[in-house]
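Asks: Could you work out the structure for the sequence below:
(chains A and B)
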Amino acid sequence: DGGITQSPKYLFRKEGQNVTLSCEQNLNHDAMYWYRQDPGQGLRLIYYSQIVNDFQKGDIAEGYSVSREKKESFPLTVTSAQKNPTAFYLCASSRRGGEQFFGPGTRLTVL
Amino acid sequence: SQQGEEDPQALSIQEGENATMNCSYKTSINNLQWYRQNSGRGLVHLILIRSNEREKHSGRLRVTLDTSKKSSSLLITASRAADTASYFCATATPMEYGNKLVFGAGTILRVKS
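Replies: Coordinates of the predicted model:
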């Protein structure tokens, strides 16, 4: 069953904590992406990775970090430096130049 | 920054009617893509139209692209209640190994049965 998975579905964080969101794909895609979505808005790109062991900042990278040690995995860490982390986080993957396939999302809430 | 701007922000129609959503953008693009999002879910890719194409069809979907006006439209014909969702356009600009997508704020479509 091919696809892209994200976990957890819901995540609660206390202020000052770092949390890590998981994203895994078995589509053999080279590129992976993290987006943030706020209510009533479109998606904004946080980080993207086009190949293993390489990643670039998107439009709103401050307060976030990523790693790409394996082709299948692209975890996102929301650090305490992110001042307003409550949002819906979406991971996507694609072949080079192809359409992006999205995971089901993780809803992060800061308590 | 968001390049795509969808219009209208919200659209409410009766089942069986057609729904038209528009998207405008600012810079040159490789292609333009339309996505659908059901409430609280991930995005589903609907259709991709390349910069050298003017019109594309997929089932009940028809997309047009006018690069001179930097605009695109998505037409959903014979709408169904199940089409109720948010629809986003995304413009693709080239990166070293692929395309970077920039999403608009979306159009919320409600189809009443």
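Asks: Can you pull out the low-pLDDT segments for chain B?
Replies: By pLDDT under 70, the weakly predicted segments of chain B are B:1-4, B:96-98.
Asks: ranges for the strands of it?
Replies: Along chain B, counting by DSSP state E, strands occupy B:5-7, B:10-14, B:19-24, B:31-37, B:43-50, B:55-58, B:61-66, B:71-76, B:85-94, B:99-103, B:107-112.
Asks: by contact count, what packs against the fifth one?
Replies: Other elements packing on strand B:43-50 under the criterion 3 or more C-beta pairs under 8 Å, 6 or more residues apart in numbering or on different chains; DSSP states H and E are strand A:101-102, strand B:31-37, strand B:55-58, strand B:61-66, strand B:71-76. Just so you know, the C-beta spots here come from the backbone N, C-alpha and C atoms, and that holds for glycine as well.
Asks: List the strands paired with the fourth one, with their directions.
Replies: Next to strand B:61-66 in the sheet, as set by DSSP bridges, lie strand B:55-58 (antiparallel), strand B:71-76 (antiparallel).
Asks: Between strand B:85-94 and it, find me the angle.
Replies: On the basis of axes from the mean of the first three to the mean of the last three C-alpha atoms, to 10 degrees, strand B:61-66 is oriented at 40 degrees to strand B:85-94.
Asks: How about residue 7, nearest residue that isn't a chain neighbour?
Replies: Defaulting to chain A. The spatially closest residue to residue A:7, leaving aside those adjacent along the chain, is residue A:22, at 4.6 Å (C-beta to C-beta, 6 or more residues apart in numbering or on different chains).
Asks: not quite, I wanted chain B
Replies: Once flanking residues are discounted, residue B:7 sits nearest to residue B:22: 4.6 Å by C-beta to C-beta, 6+ apart.
Asks: Write down the beta-bridge partners of the one you found, one by one.
Replies: With DSSP bridges as the rule, residue B:22 is bridged to residue B:7, residue B:73.
Asks: ok, now residue B:101?
Replies: residue B:92.
Asks: For burial, what's the neighbour tally of it?
Replies: Using other C-beta atoms under 10 Å in any protein chain shown, the number of residues around residue B:101 comes to 26.
Asks: Could you measure from it over to residue A:45?
Replies: For residue B:101, the distance to residue A:45 equals 7 Å [C-beta to C-beta, to the nearest Å].
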